[in-house]
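what's the 3D shape of this:
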Amino acid sequence: MTETEHNAEQRDAERGAEAAPTIFMTGGSRGIGLAIATKLAAGGAKVALMAKTDTPDPRLPGTVHTAAAQIEEAGGQALPIIGDVRDDVAVGEAIARTAERFGGIDIVVNNASAIALQGFGELSMKRYDLMQDINARGTFSVLSHAREHLLKSARPRVLTLSPPLALESQWLAEYAPYTLSKFAMTMLTLGFAEQHRAEGVAASCLWPQTLIATAAVQNVVAGDEGMKSARRPEIMADAAARVLSMSADEANGQCFVDEAVLRDAGTSDFSQYLFEGATEESLEKDLFL
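Sure, this is the predicted structure:
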């Protein structure tokens with residue numbers, strides 16, 4: 001028996017194979033991350049959120065503290081951590097705090113992301129660096145620091161909110177810098193999946209089929225009118241829960257799309273996910289696909 005297998009077996013015995021998992025999530029104060037966190041908390045999950053939003057912002061509802069309250073109200077345990085994913089020391093300390101508080105880490109959700117949809121001649125270097133640092137470098141930092149804890153878990157999982165690697169020219173023509181940063185998140189996750197395939201890790205990516213009604217999408221991408229072409233974050237939460245329930249053989253190294261995941265699970269009516277004012281005909285679909 002390898003040391004990794006021994007640690008997993010010991011941890012399994014101590015916590016129980018069906019014990020509620022411990023999740024370390026970047027971001028999560030609002031939007032898709034919060035929807036995923038509260039969905040998993042309903043099953044008793046213990047969720048640590050590392051996010052920057054300590055005080056309310058009139059443009060962005062919710063803070064790490066209000067998110068923690070919602071997680072606990074949903075039935076889970078919460079550990080709110082104020083921190084910036086660009087700060088390697090802060091990432092390491094946040095992950096150490098999570099493992100100490102809850103006895104380990106079973107799932108990492110790379111949710112934090114920056115978005116700017118400008119191209120050459122329009123996007124500033126400051127915004128370019130911000131996207132690369134949060135999206136790409138942040139994913140690498142989190143996985144690097146969490147690795148030792150994941151490999152001790154009886155059921156290690158990674159879920160990154162990033163798209164399949166479909167190199168359609170339209171995404172490069174319209175916003176190559178953002179596309180680069182999101183594809184980097186995918187490539188790093190798939191790399192982690194292959195590096196640790198033998199240890200039973202399941203590292204996957206998940207992306208929406210449509211616009212999702214979040215503050216970031218409303219403020220940066222689509223405006224108020226765009227919300228009429230969007231679904232609610234709960235569709236991503238339901239798909240995430242499904243992916244995280246899959247076996248390592250099913251999930252590791254895979255890029256999933258929310259609608260396809262739920263259709264495979266038997267969902268045929270998606271009207272429950274429509275944002276207020278949206279219709280199936282009005283949805284903006286095939287993002288990055």
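
Tell me which stretches of the stretch 1-150 of the chain form helices.
Counting by DSSP state H, counting those that start in this stretch, the stretch 1-150 of the chain has helices at residues 3-15, 31-41, 64-74, 88-102, 125-131, 138-150.

Buried deepest among those helices, which one?
Among the helices of the stretch 1-150 of the chain, helix 31-41 has the highest mean neighbour count (mean count of other CB atoms under 10 Å), at a mean of 25. Where C-beta positions appear, they are placed from N, C-alpha and C, glycine not excepted.

So which elements touch that helix?
With contacts taken as 3 or more CB pairs under 8 Å, 6 or more residues apart in numbering; DSSP states H and E, helix 31-41 sits against strand 22-26, strand 46-51, helix 64-74, strand 107-110, helix 234-245.

low-confidence ranges in the stretch 1-150 of the chain?
Residue ranges of the stretch 1-150 of the chain with pLDDT under 70: 1-18.

closest to residue 97 out of the helices and strands packed on helix 31-41?
Closest to residue 97 of the helices and strands packed on helix 31-41, according to CB to CB: strand 46-51, at 7.3 Å.

got the angle between the closest one and helix 138-150?
Between the axes of strand 46-51 and helix 138-150, defined by axes from the mean of the first three to the mean of the last three CA atoms, to 10 degrees, the angle is 150 degrees.

so how many other residues sit close to the closest residue to residue 133 other than its chain neighbours?
Excluding its sequence neighbours, the residue lying closest to residue 133 (CB to CB, 6 or more residues apart in numbering) is residue 86, at 4.8 Å. Residues lying near residue 86 (other CB atoms under 10 Å) number 18.

Verify the stated contact: residue 86 with residue 138.
Yes: using CB atoms under 8 Å, residue 86 makes contact with residue 138 at a distance of 6.3 Å.

Can you give me the distance of residue 269 to residue 237?
Between residue 269 and residue 237 the distance, using CB to CB, to the nearest Å, works out to 17 Å.

Neighbour count: the two, which is higher?
residue 237 (22 against 7).

what's that one in contact with, if anything?
The contact partners of residue 237, taken as CB atoms under 8 Å, 6 or more residues apart in numbering, are 32, 35-36, 38-39.

shaky segments in the stretch 151-289 of the chain?
217-223, 288-289.
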